[in-house]
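In: Sequence and predicted structure are below.
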Amino acid sequence: EDKVVQSPLSLVVHEGDTVTLNCSYEVTNFRSLLWYKQEKKAPTFLFMLTSSGIEKKSGRLSSILDKKELFSILNITATQTGDSAIYLCAVGSDNQGGKLIFGQGTELSVKP
Amino acid sequence: GAVVSQHPSWVICKSGTSVKIECRSLDFQATTMFWYRQFPKQSLMLMATSNEGSKATYEQGVEKDKFLINHASLTLSTLTVTSAHPEDSSFYICSARDTLGGWSYEQYFGPGTRLTVT
């Protein structure tokens, strides 16, 4: 059965800290891995990764995929209170007809 | 670009009534839309895949007669919760995939609809 596992499930840090969120997957016919940020409403897109070893970066956020070890990390440097959210990892697979398989999410809380 | 809207953003209804939620892709065409529900502190649970012009594909355990999905155009899908009960209270989120620009797994999410059944 295809699955996506995120860790940790929750994390509390202080402003200015750097955090690393993990996402591992067991999915046949992997196509892409996506990261989303969810605050009070629906998820907003952060990154889509399809190739191993190529870092994607947007401001203080960056992400990389390792297709050999079947995981991805999302890094946030110099965290701010506005980074507090649930971060969702999802994987697209050819087996799933375009559906995304979501992990449980990591709830990040950034304290002032 | 790639904006998805949902209406209503929140609704309260009485047990036994039906509620319709609309999902629209505003600036792109979406042959495929997805409906999710999310309970507090939990991840998104896919309910069904909605394909324009054909029947929806429901996930295991989701009652298709209770959650009616219609995808009549390339920009609109609707989810109707029939004979709602308090246990149907949840956050319902739709997403759409811009398939006309080429194959992509990227999904754009609507803002969600908070349903409360009393």
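Out: Yep, that arrived. Residues are numbered from 1 along each chain as shown, chains lettered A, B, ... in the order given.
In: strand partners of whatever helix or strand A:V5 lives in, parallel vs antiparallel please.
Out: Counting by DSSP states H and E, the element that carries A:V5 is strand A:3-7. The sheet places strand A:3-7 alongside strand A:19-26 (antiparallel), with pairing taken from DSSP bridges.
In: which of the residues in the strand it pairs with are buried?
Out: For strand A:19-26, burial by neighbour count (16 or more other C-beta atoms under 10 Å in any protein chain shown) applies to A:19, A:21, A:23-25. Bear in mind the C-beta positions are built from the backbone N, C-alpha and C, glycine included.
In: again with stretch A:73-85
Out: A:73-74, A:76, A:79, A:83-85.
In: repeat for stretch B:54-64
Out: B:56-58, B:62.
In: Could I get the residues you listed in CSV, plus columns for secondary structure, pLDDT and distance to A:M48?
Out: Conversion of the buried residues of stretch B:54-64 to CSV gives the following (DSSP: H, G, I helix; E, B strand; the rest coil; pLDDT from 0 to 100; distance: C-beta to C-beta, whole Å):
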residue, secondary structure, pLDDT, distance to A:M48
B:A56, coil, 91, 25
B:T57, strand, 91, 23
B:Y58, strand, 94, 26
B:V62, coil, 94, 27
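In: where does chain B dip in pLDDT?
Out: For chain B, residues meeting the criterion pLDDT under 70 lie at B:1, B:99-105.
In: Which positions in it make contact with chain A?
Out: Residues of chain B found near chain A, taking C-beta under 8 Å from any C-beta of the partner chain as the criterion, are B:32, B:34, B:41-44, B:46, B:49, B:57, B:93, B:95, B:97, B:104-112.
In: Inside strands: which ones of those residues?
Out: Within those, membership in strands is found for B:32, B:34, B:46, B:49, B:57, B:93, B:95, B:97, B:108-109, as judged by DSSP state E.
In: quick check, nearest of the residues you listed to chain A?
Out: Taking C-beta to the nearest C-beta as the measure, B:F109 is the one of these closest to chain A, at 4.0 Å.
In: which residue packs closest to the closest one, ignoring adjacent ones?
Out: A:A42 (4.0 Å; C-beta to C-beta, 6 or more residues apart in numbering or on different chains).
In: Next: B:F28.
Out: Once its chain neighbours are removed from consideration, B:F28 has its nearest residue in B:D98; the separation is 4.5 Å (C-beta to C-beta, 6+ apart).
In: tell me, what residue is most central in chain B?
Out: B:W35 (3.4 Å; C-alpha atoms, centre = their mean).
In: quick one: low-confidence parts of chain A?
Out: Judged by pLDDT under 70, the stretches of chain A that qualify are A:95-97.
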